[in-house]
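1. Here is my input, please return the structure:
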Amino acid sequence: MGKVTSCLVNPRACHETKMPIVPAEHKKSLAVVGAGPAGLAFAINAAARGHDVTLFDALAEIGGQFNIAKQIPGKEEFYETLRYYRRMIEVTGVTLKLNRFVTADDLQPFDEAILACGIEPRKPSIEGIDHPKVLTYLEVLRDKTPVGKTCRDYRLRRDWF
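-> Numbers count the residues shown, from 1 in each chain. Here you go, the predicted structure:
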């Protein structure tokens with residue numbers, strides 16, 4: 001009891017009185033490059049504050065890493081997260097430009113550009129990580145690289161000792 005809930009999508013959840021959406025003093029034309037989690041959150045909040053926002057992404061759909069995460073069993077809620085963001089793009093009037101590699105010329109008409117170009121997955125320092133049979137989550141989920149048989153937990157194997 002007495003604990004506050006938080007939300008991955010809406011950081012203002014349960015903090016609305018402490019974190020009100022304050023209208024911008026000066027309306028700006030903003031370009032947001034990258035429609036992944038950070039770009040979506042920034043674009044929607046900036047538009048809610050009164051800025052004219054154009055959101056660009058090189059891919060054909062919004063979501064970035066959410067589109068990888070939603071494929072993991074038990075993480076299907078990310079489909080709803082993306083539905084929420086699509087709706088908020090409409091509600092806040094964000095202009096969406098997908099399938100678009102942005103150039104410096106594309107950014108000229110804007111007052112400011114915000115780069116939210118995604119992440120590079122970290123490579124853990126685990127012995128054997130460079131073995132050809134070790135796959136990254138992107139190779140499995142995004143690239144659909146075939147995987148081998150499921151391994152049993154080594155601690156359950158009796159033939160090791």
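
2. Strands along this structure, start to end?
-> 29-33, 52-56, 95-97, 112-115 (DSSP state E).

3. Can you add mean pLDDT and give the ones you listed back as CSV?
-> Shown next, in CSV, are those (pLDDT from 0 to 100):
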stretch, mean pLDDT
strand 29-33, 99
strand 52-56, 99
strand 95-97, 98
strand 112-115, 98
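
4. what stretches of this structure score poorly on pLDDT?
-> Scanning the chain for pLDDT under 70 picks out the ranges 150-161.

5. center of it - which residue?
-> Against the mean C-alpha coordinate of the chain, by C-alpha atoms, centre = their mean, the closest residue is residue 37 at 2.7 Å.

6. Is it possible to get the strands of the chain out as TSV so that each row also shows distance to residue 1 and mean neighbour count?
-> In short, each C-beta sits where N, CA and C put it, glycine included. Listed next are those as TSV, based on distance: least, C-beta to C-beta, whole Å; neighbours: other C-beta atoms under 10 Å:
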stretch	distance to residue 1	mean neighbour count
strand 29-33	39	21
strand 52-56	40	23
strand 95-97	42	15
strand 112-115	39	14
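
7. any chance of those strands in TSV, with distance to residue 67 too?
-> Listed next are these as TSV, based on distance: least, C-beta to C-beta, whole Å:
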stretch	distance to residue 67
strand 29-33	17
strand 52-56	16
strand 95-97	15
strand 112-115	19
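
8. And the ones you listed: which comes nearest residue 121?
-> strand 112-115 (18.5 Å; C-beta to C-beta).

9. quick one: contacts of the closest one?
-> Residues outside strand 112-115 that contact it (C-beta atoms under 8 Å, 6 or more residues apart in numbering) are 28, 29, 30, 31, 32, 33, 34, 39, 42, 46, 107.

10. ok, and what's touching the longest helix along the chain?
-> Assignment by DSSP state H gives helix 77-92 as the longest helix of the chain. Residues from elsewhere that reach helix 77-92 (C-beta under 8 Å, 6+ apart): 8-9, 40, 43-44, 47-48, 53, 55, 62-63, 66-67, 69-70, 94, 96.
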